[in-house]
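S.K.: Coordinates only, no sequence provided:
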């Protein structure tokens with residue numbers, strides 16, 4: 001009885017092994033249209049897990065488990081070829097092939113560049129501003145990453161270009177020159193800059209050699225645009241240093257932008273050497289309305305209100321200095337308080353006429 005079972009098991013296993021053996025062996029050579037040898041051509045049997053590549057001479061060998069199958073030849077830059085094979089019995093066959101290049105001819109393409117090649121201007125990537133760590137939270141923080149721009153206080157939006165003074169930098173918003181207010185101090189007493197980052201759609205910066213239409217200051221020019229939004233939006237951003245609310249409304253011929261910001265960096269100021277009671281409160285409101293009467297003529301109005309109040313009741317200051325062997329410490333006690341208040345308002349109406357529509 002055991003011999004019968006062993007005989008049946010041997011018969012089944014033998015049939016499985018024989019049935020798994022490939023029935024058809026396919027060889028051939030792949031050439032190009034100029035009889036050049038094509039290497040790394042993928043040859044595969046569709047519906048089976050069989051594939052191979054041509055060697056340095058363009059030769060290949062592949063096996064099929066059935067007598068009727070489909071071969072596919074594929075190489076990047078050449079048209080793929082599919083060949084159906086129907087053999088009556090197992091054996092060896094030869095299939096040579098010539099692949100034709102796949103030429104995709106494009107229609108005429110015109111490439112234009114609106115950037116003035118004679119202008120020494122850098123385009124600022126607005127998307128980088130969202131991921132840029134900044135204590136001040138002002139738009140000018142991204143300028144400090146550009147070559148030739150330096151600053152001496154991370155709490156300030158003021159910057160120096162190529163060794164120039166901090167008041168030699170021009171700022172334009174929608175072709176309107178922005179006058180920087182004269183502050184008593186820069187840094188911790190300084191609030192929000194004019195530019196609202198949530199309203200900016202594009203900006204460019206020049207560290208010298210800019211066009212004459214920007215004026216005669218020698219250091220730099222920052223040109224910012226508040227453009228038409230793609231859709232109606234309401235953006236709310238809040239954090240430990242402040243809150244920002246932005247609204248964008250667009251119609252067929254006009255659009256309206258409004259931005260409100262509040263800043264309180266007392267959590268940063270309390271970590272300074274000067275210990276005391278800090279109460280910095282800064283806020284601003286900014287609006288822009290533009291109406292396009294036609295493709296050639298448009299009228300826009302820009303308004304801004306900036307209010308800042310800084311209060312400080314200092315207590316003491318501790319400064320450590322000296323060498324490794326001799327360490328000294330200086331303690332200073334204060335009496336009195338500091339109160340700085342700023343209120344800045346401005347507006348502009350701009351009419352734009354373009355003989356040729358943009």
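M.R.: Structure's in. What do you need? In this text the structure is predicted, and so the values were computed from the model without any measurement.
S.K.: from here on, contacts and neighbour counts on C-alpha atoms
M.R.: Noted.
S.K.: what ranges of the stretch 1-150 of the chain fall below the confidence cut-off?
M.R.: For the stretch 1-150 of the chain, applying pLDDT under 70 flags the ranges 1-22, 112-119.
S.K.: 80 instead, please
M.R.: Along the stretch 1-150 of the chain, the parts satisfying pLDDT under 80 run over 1-22, 104-121, 127-137.
S.K.: can you give me the strands in it?
M.R.: 24-31, 42-45, 50-53, 59-64, 68-74, 81-86, 91-94, 97-98, 122-124, 149-150 (DSSP state E, counting those that start in this stretch).
S.K.: buried sites along the first one?
M.R.: Using 16 or more other C-alpha atoms under 10 Å as the burial criterion, the residues of strand 24-31 that qualify are 24-26, 29-31.
S.K.: sorry, back to before: so can I have a markdown table of the strands of the stretch 1-150 of the chain showing distance to residue 285?
M.R.: A markdown table is the format used below for those (distance: least, C-alpha to C-alpha, whole Å):
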| stretch | distance to residue 285 |
| --- | --- |
| strand 24-31 | 72 |
| strand 42-45 | 64 |
| strand 50-53 | 67 |
| strand 59-64 | 73 |
| strand 68-74 | 62 |
| strand 81-86 | 66 |
| strand 91-94 | 80 |
| strand 97-98 | 71 |
| strand 122-124 | 24 |
| strand 149-150 | 28 |
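S.K.: so which of those strands gets nearest residue 329?
M.R.: strand 149-150 (31.3 Å; C-alpha to C-alpha).
S.K.: Partner strands of that closest one and their direction?
M.R.: Applying DSSP bridges, strand 149-150 is found paired with strand 160-161 (antiparallel).
S.K.: just checking, next helix/strand downstream of the strand it pairs with?
M.R.: strand 169-173 (DSSP states H and E).
S.K.: who does that following strand pair up with?
M.R.: Strand pairing (DSSP bridges) places strand 169-173 next to strand 176-177 (antiparallel), strand 220-225 (parallel).
S.K.: can you redo those as CSV with mean neighbour count, distance to residue 250 and mean pLDDT?
M.R.: Listed next are the strands paired with strand 169-173 as CSV, based on neighbours: other C-alpha atoms under 10 Å; distance: least, C-alpha to C-alpha, whole Å; pLDDT from 0 to 100:
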stretch, mean neighbour count, distance to residue 250, mean pLDDT
strand 176-177, 16, 22, 88
strand 220-225, 22, 16, 90
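S.K.: What's the local residue count around residue 238?
M.R.: 12 (other C-alpha atoms under 10 Å).
S.K.: which residues sit in contact with it?
M.R.: residue 244 (C-alpha atoms under 8 Å, 6 or more residues apart in numbering).
S.K.: and it, how far is that from residue 215?
M.R.: According to C-alpha to C-alpha, to the nearest Å, residue 238 and residue 215 sit 37 Å apart.
S.K.: do you know how far the residue nearest to the spatial centre of the chain is from residue 335?
M.R.: Computing the C-alpha centroid of the chain and ranking residues by C-alpha atoms, centre = their mean puts residue 127 first, at 4.7 Å. Going from residue 127 to residue 335 by C-alpha to C-alpha gives 46 Å.
S.K.: for residue 53, same thing?
M.R.: Taken as C-alpha to C-alpha, the span from residue 53 to residue 335 is 86 Å.
S.K.: which one of the two has more residues nearby?
M.R.: residue 53 (19 against 8).
S.K.: Could you give the bridge partners of the more buried one?
M.R.: If you apply DSSP bridges, the partners that residue 53 bridges to are residue 42.
S.K.: ditto for residue 317
M.R.: Bridge pairing for residue 317 - DSSP bridges - gives residue 274, residue 332.
S.K.: list the contacts for it?
M.R.: 273-275, 330-333.
S.K.: Redo those as JSON lines? Include neighbour count, distance to residue 65 and pLDDT.
M.R.: Compiled in JSON lines, the contacts of residue 317 are given as follows (neighbours: other C-alpha atoms under 10 Å; distance: C-alpha to C-alpha, whole Å; pLDDT from 0 to 100):
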{"residue": "273", "neighbour count": "11", "distance to residue 65": "82", "pLDDT": "73"}
{"residue": "274", "neighbour count": "20", "distance to residue 65": "85", "pLDDT": "76"}
{"residue": "275", "neighbour count": "18", "distance to residue 65": "85", "pLDDT": "79"}
{"residue": "330", "neighbour count": "9", "distance to residue 65": "90", "pLDDT": "85"}
{"residue": "331", "neighbour count": "9", "distance to residue 65": "91", "pLDDT": "84"}
{"residue": "332", "neighbour count": "10", "distance to residue 65": "92", "pLDDT": "83"}
{"residue": "333", "neighbour count": "11", "distance to residue 65": "94", "pLDDT": "82"}
